[in-house]
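*Asks:* task: produce atomic coordinates for the following.
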Amino acid sequence: MKRLTLTRKLCAVFAALLLACCGVSAWLQVRANARYEQEATQRLSSGLAAHIAGANVLMDAQGWKPEAVRNLFDMLMAVNPSVEVYLLSSDGRIVGDAAPPGELRRDRVDLAPVRRLLRGEALPILGDDPRNPAVQKVFSAAPVSAGGSEQGYVYVVLQGQAHDELAAALGTSSVLRASLWSMALVALLGLAAGLAAFALITRPLRGLTRAVREFDAEDPQSLRALGPPDAGDEDGGDEIAVLRRSFAQMGGRISRQWQELTRQDQERRDLVANISHDLRTPLTALHGYLETLRLKDAALDPAGRRRYLDIALAQSRKVGRLAQELFELARLESGLVRLEPETFSLQELAQDVVQKCELAAEARRQRLCVEAPRDLPAVRADLGLIERVLTNLLDNAIRHTPAGGRIELRLRAARDAVRVRISDTGSGIPESLREGLFTRASALGQGPREAGGLGLVIVQRILQLHHSEVRLVPGEEPGAVFEFDLSAAPRP
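*Replies:* Residues are numbered from 1 along each chain as shown. From the prediction side, this is the model:
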């Protein structure tokens with residue numbers, strides 16, 4: 001049974017229940033027919049005993065008249081062999097009968113059913129059978145009077161031994177066999193119809209089982225095995241339709257998550273390759289200049305030695321910056337960073353960040369300015385993380401803007417937020433690099449505008465924690481324009 005499918009189990013249970021119901025139905029029908037026959041016989045012959053007691057003198061002042069009783073019983077048994085007539089005393093003792101010698105199995109009859117019959121209670125009423133103590137049968141009874149008082153009863157068993165023998169003989173007759181075959185045919189047809197109905201009802205379940213078995217997270221097309229949804233599935237449907245719809249949603253979600261994991265895994269591989277390349281270049285330069293200092297230390301003048309040391313130091317700073325950015329990105333993507341929101345003036349924070357970056361801009365002969373209205377609303381965000389966002393964007397603009405260029409940070413109100421825009425007059429970002437600009441792999445990739453780190457990716461992750469994102473605005477400036485929104489603090 002454990003190896004059967006659900007459909008086969010349901011069919012087996014249905015077949016067993018159908019056969020059990022047919023058996024019980026047949027038993028109830030036979031029993032009901034028997035009760036009906038008993039009631040009809042008893043109701044039809046209810047006055048037989050009274051007629052016998054009134055039409056014949058069975059008792060006189062001296063007692064029972066044995067000869068009259070014997071003649072009467074023989075006549076009745078000859079006319080209707082299915083009845084058996086008995087004379088009972090007032091206490092139920094059998095005092096007269098027409099049974100063959102040795103056929104009586106009891107010498108008295110319980111008078112309680114007799115009294116119930118005489119009171120006119122509901123039929124059928126069963127009483128004792130003197131020739132078969134194991135069963136009770138329908139009967140007719142009437143009191144026998146003599147001298148103005150009841151002296152006993154006429155007790156007529158309406159379905160005697162001859163009736164039982166005839167019923168047993170007919171039990172194997174063709175009529176009964178035909179009835180049983182008819183019932184078996186009806187049960188067989190009901191079983192076939194039920195199995196067909198089960199197969200039709202469970203067809204969606206079998207389809208769902210096949211789709212689950214063939215589902216492949218790497219292949220979203222495998223969900224096509226479910227087929228198109230049936231009419232009405234969108235508004236509810238039966239349990240199988242709900243299960244089918246839920247599996248389709250779950251399968252689609254798993255496929256998307258699998259694709260996302262595959263994409264992230266590929267990004268991780270690309271990230272490792274790009275990091276290896278980015279680290280190899282400055283480390284090779286650092287190693288080369290240090291080795292040159294060691295080999296040519298005596299031959300170098302102080303100016304040459306200082307130039308080599310400055311180059312090695314710059315390469316070490318590049319490696320350190322890349323390692324720090326990787327650490328920050330790992331913390332942001334691990335979920336360990338928790339926002340500590342507070343209300344502050346974004347205009348003041350922008351001025352502080354610009355002042356911090358002014359020395360680097362002046363060293364490159366760049367002009368760095370801030371434009372913000374005085375009535376700018378306060379924002380509610382994590383002050384330290386937003387400072388990191390502004391610093392990364394300004395540092396990125398400074399490194400990719402040529403000497404004499406201009407870098408501008410603009411703030412303005414936008415509905416329930418404050419919009420931040422940072423623009424420069426650099427070479428801009430080629431079209432081929434814009435699509436994956438904020439992914440880890442592209443951030444470390446080589447190109448005309450190489451970031452040299454993961455600053456833009458860190459900016460994007462921080463803003464995503466604030467339910468925002470950084471956008472590249474094309475076509476408005478000769479260089480690159482980045483823009484993002486921060487929610488304004490609620491007014492008191």
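*Asks:* just how off-centre is the longest helix along the chain within its chain?
*Replies:* When the chain is parsed with DSSP state H, its longest helix is helix 239-295. With Cα atoms, centre = their mean, to the nearest Å as the basis, helix 239-295 stands 34 Å off its chain's centre.
*Asks:* packing partners for that helix?
*Replies:* Judged by 3 or more Cβ pairs under 8 Å, 6 or more residues apart in numbering; DSSP states H and E, helix 239-295 is in contact with helix 203-214, helix 302-334, helix 440-443. Heads up, the C-betas are built off the backbone N, CA and C, glycines and all.
*Asks:* quick one: mean pLDDT for the shortest one?
*Replies:* Yep, that's helix 440-443 we're talking about. Mean pLDDT, computed over helix 440-443, is 49.
*Asks:* my guess is Gly426 meets Ala403, correct?
*Replies:* No: the pair Gly426 and Ala403 does not pass the contact test of Cβ atoms under 8 Å, sitting 11.0 Å apart.
*Asks:* so for the two, which sits in the more crowded spot?
*Replies:* Remark: of Gly426 and Ala403, Gly426 carries more neighbours, 22 against 8, as counted by other Cβ atoms under 10 Å.
*Asks:* against Ile398, how distant is that one?
*Replies:* Using Cβ to Cβ, to the nearest Å, Gly426 is found at 9 Å from Ile398.
*Asks:* with Ala16 instead?
*Replies:* Relative to Ile398, and taking Cβ to Cβ, Ala16 is found at 83 Å.
*Asks:* quick one: which of those two has more around it?
*Replies:* More crowded of Ala16 and Ile398, by other Cβ under 10 Å: Ile398, with 20 against 10.
*Asks:* elements contacting the helix or strand hosting the more buried one?
*Replies:* Using DSSP states H and E, Ile398 sits in helix 383-399. Using 3+ Cβ pairs under 8 Å, 6+ apart as the contact test, the elements touching helix 383-399 are helix 346-363, strand 406-414, strand 417-424, helix 455-465, strand 481-487.
*Asks:* show me this structure divided up by domain.
*Replies:* For the chain, the domain assignment from automatic domain parsing gives the residue ranges 6-41+171-201, 45-169, 218-333, 342-487.
*Asks:* what's the closest of those to Gly207?
*Replies:* domain 218-333 (6.6 Å; Cβ to Cβ).
*Asks:* pLDDT averaged over the closest one, what's the number?
*Replies:* 75.
*Asks:* thought Ile398 was touching Gln366, still the case?
*Replies:* Yes: with contact defined as Cβ under 8 Å, Gln366 counts as touching Ile398 (6.4 Å).
*Asks:* check which residues of the longest strand seen in the chain are buried.
*Replies:* The longest strand of the chain (DSSP state E) is strand 136-146. Using 16 or more other Cβ atoms under 10 Å as the test for burial, strand 136-146 gives 137-144, 146.
*Asks:* for these, which one is nearest Glu387?
*Replies:* Checking the buried residues of strand 136-146 one by one against Glu387 (Cβ to Cβ), the nearest turns out to be Val138, at 105.9 Å.
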